[in-house]
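following is a predicted model, sequence given first.
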Amino acid sequence: NAGVTQTPKFQVLKTGQSMTLQCAQDMNHNSMYWYRQDPGMGLRLIYYSASEGTTDKGEVPNGYNVSRLNKREFSLRLESAAPSQTSVYFCVTGVRDPRETQYFGPGTRLLVL
Amino acid sequence: RKEVEQDPGPFNVPEGATVAFNCTYSNSASQSFFWYRQDCRKEPKLLMSVYSSGNEDGRFTAQLNRASQYISLLIRDSKLSDSATYLCVAAGGSYIPTFGRGTSLIVHP
């Protein structure tokens, strides 16, 4: 049981390059989220998927797209990376039930030059 | 104004001290509350859930005050290993978790 996995762990991009961050979970959770964490800003929601086949914007969606490929996988794509997207990205899963909690992936550290 | 507010600290306390953090939330529809611990350059990990009746886990006690819309975390007999950032989380009716920016705790010898 791997929990929540993310790839890659680290990435350096040049401005304008594209990349996809991958997230997979084996906990059979319905909801999945992508957050970014920046110093002084805390964790901010980029996009989320309440269930397979649905996605919605969060607080800071500009410059990102997502795909909920199936129940297990939720990817985040940067089409044209900008230095402002330098951050640590966390994939989080959680059953949409107030008695359950959220589980974090290990994070992807992205540097855009 | 962020939906979940925390004092960023740092709280600098000696070993053995008792320290308390508060966290306020603005969404009165919030139903689920949690405290997470985050070590430097690591992902947040669940410390404890916060129930209406309050809950205790060893040296840690969490309380919820719905009337004033805040949750608290009390750490007794602080250890060096308690040094970390503590994040509070509130989830509303849509169960989208909103995180506070975190409170930094430094426990020194």
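Sure thing, it's come through. Residues are numbered from 1 along each chain as shown, chains lettered A, B, ... in the order given.

CA atoms for contacts and neighbours, from now on please.
Noted.

in chain A, what residue comes closest to chain B?
Per C-alpha to the nearest C-alpha, A:Gly42 is where chain A lies closest to chain B, at 4.0 Å.

compute the number of surrounding residues for residue 46.
Just so you know, I chose chain A. 22 (other C-alpha atoms under 10 Å in any protein chain shown).

that answer is for a different chain, and I need it for chain B
The tally of other residues near B:Leu46 (other C-alpha under 10 Å) stands at 18.

a strand runs through it, doesn't it?
Yes. Secondary structure of B:Leu46 (DSSP: H, G, I helix; E, B strand; the rest coil): part of a strand.

from A:Ile46, how far out is it?
Counting by C-alpha to C-alpha, to the nearest Å, the separation of B:Leu46 from A:Ile46 is 21 Å.

same question for A:Gly107.
Here the criterion is C-alpha to C-alpha. By it, A:Gly107 lies 14 Å from A:Ile46.

what does A:Phe74 give?
A:Phe74 is 12 Å from A:Ile46, where distance means C-alpha to C-alpha.

for B:Tyr86, same thing?
Separation of B:Tyr86 from A:Ile46 (C-alpha to C-alpha): 21 Å.

equivalent analysis for A:Lys14, please.
21 Å.

what's the answer for B:Pro109, then?
For B:Pro109, the distance to A:Ile46 - C-alpha to C-alpha - is 40 Å.

over to A:Pro106?
Using C-alpha to C-alpha, A:Pro106 is found at 17 Å from A:Ile46.

what do you get for B:His108?
B:His108 sits 36 Å away from A:Ile46, going by C-alpha to C-alpha.

what strand or helix carries B:Asn22?
Here B:Asn22 sits within strand B:19-25, counting by DSSP states H and E.

tell me which strands and helices that strand is in contact with?
Under the contact definition 3 or more C-alpha pairs under 8 Å, 6 or more residues apart in numbering or on different chains; DSSP states H and E, strand B:19-25 sits against strand B:4-6, strand B:70-75.

rounded mean pLDDT for the helix or strand just after the first one, please.
Downstream of strand B:4-6, the next assigned helix or strand under DSSP H and E is strand B:11-14. For strand B:11-14, the per-residue pLDDT values average out at 96.

what of stretch A:104-111?
Stretch A:104-111 comes out at a mean pLDDT of 96.

does chain B have contacts with it?
Yes. Counting by C-alpha under 8 Å from any C-alpha of the partner chain, chain B has neighbours in stretch A:104-111: A:Phe104, A:Gly105, A:Pro106, A:Gly107.

can you pick the most crowded of those residues?
When neighbours are taken as other C-alpha under 10 Å, the top entry among those is A:Gly107 (28 neighbours).

list the contacts of the closest residue in space to that one that isn't next to it in sequence.
Nearest-residue entry for A:Gly107: A:Phe90, 4.6 Å, with adjacent residues in sequence omitted and distances by C-alpha to C-alpha, 6 or more residues apart in numbering or on different chains. Each residue near A:Phe90 by C-alpha atoms under 8 Å, 6 or more residues apart in numbering or on different chains is listed here: A:Trp34, A:Tyr35, A:Arg36, A:Gln37, A:Phe104, A:Gly105, A:Pro106, A:Gly107, A:Thr108, B:Glu43.
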